[in-house]
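Trainee: 3D model of this:
(one chain, ligands or ions: 2)
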Amino acid sequence: MSNCKTIAVCNQKGGVGKTTTTVNLGVGLAMQGKKVLLIDADPQGDLTTCLGWRDSDSLSVTLTEKLQAIISEQEQNPFDGILQHKEKVDLVPSNLSLSSLEMTLVTAMSRESVLKNYLSLVKDKYDYVLIDCMPSLGMITFNALTAADSVIIPVQAQYLPAKGMTQLLGTIAKVRKHTNADLKIDGILLTLVDGRTNLAKSTVEALRENFGSHIRIYRSMIPAAVKAAEVSSKGTSIYAYEPNSPVSKAYAGFTKEVLADGRQKERLHAAHEHAR
Ligand SMILES: Nc1ncnc2c1ncn2[C@@H]1O[C@H](COP(=O)(O)OP(=O)(O)OP(=O)(O)O)[C@@H](O)[C@H]1O
Ligand SMILES: [Mg+2]
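Mentor: Ligands and ions are numbered 1, 2, ... in the order given. Model (predicted):
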């Protein structure tokens, strides 16, 4: 059994901090000694750009080629084209070509499992694979949810967060029914929290009211800060750009919560093995 945990960072709502969370959770885990692979599953290529590959259209190997090789059953070196970031995370980059692949996928065999099949070739080398999803619930996102062990949902502190959540939970239920029965929701991460308002508190209350207590909300919440917006053009994580900022501390705290989840899983696994 692979010890790698694959997490999809997913919300079909745009601009809620998915990409920023993928970068800073990924680098946070790497700083704790974990081997981390990041997957840019968005044709916008924001994750690729954020990590410093500005000209993503000039990359000859991207997620598109990796998935294309799986679809057409071509031989590939699955590691070929994986980029190495100086903050010790690996990246499968993306660019606009991914959107034409999304259309090819519609008619492909096992079309929901193409990303899962690709990841099965590389994941043994990693402790964590994080998938930065695009803001839609199309075939690429369905592939991400099929490949994942769990989902982290960044939610922007605002009124009425429940609206989009219902649709997302519906998609997760569909994935569980058809392609990935074991898919878990690790939790909701509140992002873009403005400390001057009570919005975070009312967002948490609204989420609890609508989804009961069965979805966990991370204790760490990510403040809204100019530095966090700036860092996306610097090619680094927030830890490298502004190590002592509140956003940096919040992402470090969030990383610890995610790691604690993993350890709990290891303990359960060990107890299970012991009982056999
Ligand atoms: N904590 C923060 N404080 C201020 N700005 C932030 C913060 N986190 C992210 N941003 C900015 O908000 C915008 C949206 O963030 P991000 O790209 O991470 O969201 P996303 O959910 O990935 O968006 P998309 O749906 O387009 O993929 C970006 O410009 C980013 O720099
Ligand atoms: Mg994004």
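
Trainee: what about the helices in the stretch 101-250 of the chain?
Mentor: Per DSSP state H, counting those that start in this stretch, the stretch 101-250 of the chain carries helices over the ranges 114-122, 139-147, 162-178, 199-211, 226-230, 238-241, 246-275.

Trainee: so for residue 106, which of the ones you listed sits nearest?
Mentor: helix 139-147 (6.5 Å; CB to CB). For glycine as for every other residue, the C-beta is placed from the backbone atoms N, C-alpha and C.

Trainee: can that closest one be found next to ligand 1?
Mentor: No: applying CB under 6 Å from any ligand atom, one finds helix 139-147 separated from ligand 1 by no less than 11.1 Å.

Trainee: quick one: list the elements packing against that helix.
Mentor: In terms of contacts (3 or more CB pairs under 8 Å, 6 or more residues apart in numbering; DSSP states H and E), helix 139-147 is packed against strand 5-9, strand 36-41, helix 97-105, helix 114-122, strand 128-133, helix 162-178.

Trainee: quick one: contacts for residue 23?
Mentor: By CB atoms under 8 Å, 6 or more residues apart in numbering, the contact list for residue 23 reads 38, 47, 50, 51, 237, 238.

Trainee: SS state for the closest residue to ligand 2 within the stretch 1-150 of the chain?
Mentor: Per CB to the ion, residue 19 is where the stretch 1-150 of the chain lies closest to ligand 2, at 3.3 Å. Using DSSP: H, G, I helix; E, B strand; the rest coil, the three-state assignment for residue 19 comes out as helix.

Trainee: skipping its backbone neighbours, what lies nearest it in space?
Mentor: Counting by CB to CB, 6 or more residues apart in numbering, the nearest residue to residue 19 once its immediate chain neighbours are dropped is residue 46, at 4.6 Å.

Trainee: what's the answer for residue 184, then?
Mentor: residue 150 (4.2 Å).

Trainee: the one you found pairs with what?
Mentor: residue 7, residue 184 (DSSP bridges).

Trainee: please verify my assumption that it contacts residue 5.
Mentor: Yes: using CB atoms under 8 Å, residue 150 is in contact with residue 5, at 7.3 Å.

Trainee: what sits against the nearest residue to residue 101 once chain neighbours are set aside?
Mentor: Among residues not flanking residue 101 along the chain, residue 64 sits closest, at 4.8 Å (CB to CB, 6+ apart). Listed by CB under 8 Å, 6+ apart, the contact partners of residue 64 are 94, 95, 97, 98, 100, 101.

Trainee: ok, residue 64 to ligand 1 distance?
Mentor: Look at residue 64 and ligand 1: by CB to the nearest ligand atom, to the nearest Å, they are 17 Å apart.

Trainee: do you know the pLDDT at that residue?
Mentor: At residue 64, the model reports a pLDDT of 97.

Trainee: any idea which helix or strand comes after the helix or strand harbouring it?
Mentor: Taking DSSP states H and E as the criterion, residue 64 maps to helix 63-71. Using DSSP H and E, the next helix or strand after helix 63-71 towards the C-terminus is strand 83-84.

Trainee: got the phi and psi for residue 219?
Mentor: Backbone torsions for residue 219, taken as degrees, to the nearest 10, come to phi -70, psi -40.

Trainee: grab the nearest non-local neighbour of it.
Mentor: That would be residue 257: by CB to CB, 6+ apart, it lies 6.6 Å from residue 219.

Trainee: restricting to C-alpha, output the lowest-mean-pLDDT helix or strand in the chain in PDB.
Mentor: None of the helices or strands of the chain scores lower by mean pLDDT, DSSP states H and E than helix 199-211, at a mean of 82. Taking C-alpha atoms only, helix 199-211 is exported to PDB below (Å, rounded to 0.1, in the frame of the first residue of the first chain):
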ATOM      1  CA  LEU A 199     -17.500  37.900   8.800                       C
ATOM      2  CA  ALA A 200     -15.300  34.900   9.700                       C
ATOM      3  CA  LYS A 201     -17.400  34.200  12.700                       C
ATOM      4  CA  SER A 202     -20.700  34.400  10.800                       C
ATOM      5  CA  THR A 203     -19.200  32.300   7.900                       C
ATOM      6  CA  VAL A 204     -18.300  29.600  10.400                       C
ATOM      7  CA  GLU A 205     -21.800  29.800  12.000                       C
ATOM      8  CA  ALA A 206     -23.500  29.600   8.600                       C
ATOM      9  CA  LEU A 207     -21.300  26.600   7.500                       C
ATOM     10  CA  ARG A 208     -22.100  24.800  10.800                       C
ATOM     11  CA  GLU A 209     -25.800  25.500  10.500                       C
ATOM     12  CA  ASN A 210     -26.000  24.300   6.900                       C
ATOM     13  CA  PHE A 211     -23.600  21.300   7.000                       C
END
